[in-house]
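# Any chance you can model this:
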Amino acid sequence: MSPGDLLLVAKMSLRTAEDDSASEIHIPADIDWHMLDKSKFFFLGAALFSGVSAALYPIVVLKTRQQVSPAQISSFKMSYSIMRHEGPKGFYRGFGTSLMGTIPARALYMTALEVTKSNVGSVTVKLGFSDTTALAIANAAAGVSSAMAAQLVWTPIDVVSQRLMVQGCSYSNKSTIPSASSCSYQYRNGFDAFRKIVGADGVKGLYRGFGISILTYAPSNAVWWASYSVAHRLIWGGFGCYMCKKDENGSSNGSPNLKPDCKSMLAVQGLSAAMASGVSALITMPLDTVKTRLQVLDGEENGQRRPLTVMQTVKNLVREGGFGACYRGLGPRWASMAMSATTMVTTYEFLKRMSTKNQVS
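Presented below is the predicted three-dimensional model:
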């Protein structure tokens, strides 16, 4: 996913004072849910985020293969192996299935995100919380609710697409890098995988790891949004202090109004997103690794294939490489989250401004 993930930029007004004079940073007002043309919002959103997902998908494949590998394999070696044995198409295994789930999942995510943020933000302000605290609470609550809503669609899509991502990988020999030479199961395409999973495990097979998916993405989104809002405010605060010092010689009186240009806003959004992604990835990586293994790998009992339990998965990971095994694929996941967040945050804000109703300027 992912992770992740649709983002929004919070409305902010920061002030700093020096020698009885203030400098105010004017950020364009946030666009609320009621201001949007919903049909345009969802249509343009599906197109924009599908393109972003296509660009970042190879990193997701790399992360998934590292997580299910019983041995520690560097990103470079894994990438080289995929390219050598499968070619460029190996980095897009399961992409069609993932893309099919994008529209309903994104729609649920965006709706829950905007509605929750708007309502919780209003309530926290009325309760007397400071702007910073209210913003962090609203963003964290929106992250949790949007993640839970999206997982209703994303979990089945994850199960199918991740099976396709690792299809053709042999993990029986720890000394070799996984390649397409053999596999434990074969699917022709997403529909075939869907049919075989339901046939073998029933509908519940599509929701394997649903509980831990919620435990992974809900706190991940909450941590991301809270970290993002704090980082965003701190960076703008530092920017305001810098501009105050820069302008103090040329502004003997009055309060200069600072209006950051588009490039400055994009830079701050991108840096805030990357910082938040790092915090979120470090905190939730073990849960994501366990979730991925639950959805992809099977165990054997009395010669029969059976889904692994959470405890069995954790024990296998610890036996393979200690606690550090839970952080396999951290580099690609961090990179994926950072690039996705940076791209999404700018794309999402652009989408909202493109989708405003005509009467909103």
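# shaky segments in the stretch 201-350 of the chain?
Within the stretch 201-350 of the chain, the segments meeting pLDDT under 70 span 239-262, 348-349.
# Please, which helix or strand holds residue 273?
helix 262-296 (DSSP states H and E).
# Next secondary structure after that helix?
Helix 262-296 is succeeded, C-terminally, by strand 298-301 (DSSP H and E).
# what are the pairing partners of that next one, and which direction each?
Here strand 298-301 has these sheet partners by DSSP bridges: strand 304-307 (antiparallel).
# distance of residue 237 from residue 134?
Look at residue 237 and residue 134: by Cβ to Cβ, to the nearest Å, they are 17 Å apart. For every residue, glycine as well, the C-beta is placed using N, CA and C.
# Please list all residues in contact with residue 157.
For residue 157, the contact set (Cβ atoms under 8 Å, 6 or more residues apart in numbering) comprises 97, 98, 100, 101, 105.
# what mean pLDDT would you report for the helix or strand encompassing it?
Secondary structure from DSSP H and E places residue 157 in helix 131-166. The pLDDT scores in helix 131-166 average 84.
# shouldn't residue 134 be in contact with residue 122?
No. Shown here, residue 134 and residue 122 do not form a contact pair, counting by Cβ atoms under 8 Å, at 9.2 Å.
# the more surrounded of these two?
Per other Cβ atoms under 10 Å, whichever of residue 134 and residue 122 has more neighbours is residue 134, with 20 against 13.
# rewinding a little: the helix holding residue 157 to helix 262-296, inter-axis angle?
50 degrees (axes from the mean of the first three to the mean of the last three Cα atoms, to 10 degrees).
# Show the low-confidence segments of the stretch 1-150 of the chain, by residue range.
1-36, 38, 41.
# residue ranges of the helices in it, please?
38-68, 75-86, 95-126, 131-166 (DSSP state H, counting those that start in this stretch).
# coming back round to it: in CSV, list the contacts of residue 157 along with distance to residue 205 and neighbour count.
CSV is the format used below for the contacts of residue 157 (distance: Cβ to Cβ, whole Å; neighbours: other Cβ atoms under 10 Å):
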residue, distance to residue 205, neighbour count
97, 15, 24
98, 18, 27
100, 18, 16
101, 16, 19
105, 19, 24
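# tell me the angle of the helix holding residue 273 relative to helix 38-68?
On the basis of the same axes, to 10 degrees, helix 262-296 is oriented at 50 degrees to helix 38-68.
# circling back: and which of the contacts of residue 157 is nearest to residue 75?
residue 98 (20.4 Å; Cβ to Cβ).
# coming back round to it: of the helices of the stretch 1-150 of the chain, flag the one that's most buried.
Ranked by mean neighbour count, these are led by helix 131-166 with a mean of 23 (mean count of other Cβ atoms under 10 Å).
# Who are the contact partners of the closest residue to residue 314 other than its chain neighbours?
Of all residues not flanking residue 314 in the chain, residue 290 sits nearest, at 6.2 Å (Cβ to Cβ, 6 or more residues apart in numbering). The contact partners of residue 290, taken as Cβ under 8 Å, 6+ apart, are 212, 310, 313, 314, 317, 326.
# Roughly how far does the closest residue to residue 59 other than its chain neighbours sit from residue 56?
Nearest non-adjacent residue to residue 59, counting by Cβ to Cβ, 6+ apart: residue 336, 4.2 Å away. As judged by Cβ to Cβ, residue 336 and residue 56 stand 6 Å apart.
# what helix or strand is residue 315 on?
Per DSSP H and E: helix 310-321 holds residue 315.
# what does that helix rub up against?
70-72, 212, 289-290, 293-294, 297, 299, 308, 325-326, 328.
# Touching, residue 142 and residue 228? I think so.
No. Residue 142 lies out of contact with residue 228 (Cβ under 8 Å); the separation is 11.1 Å.
# Thank you, goodbye.
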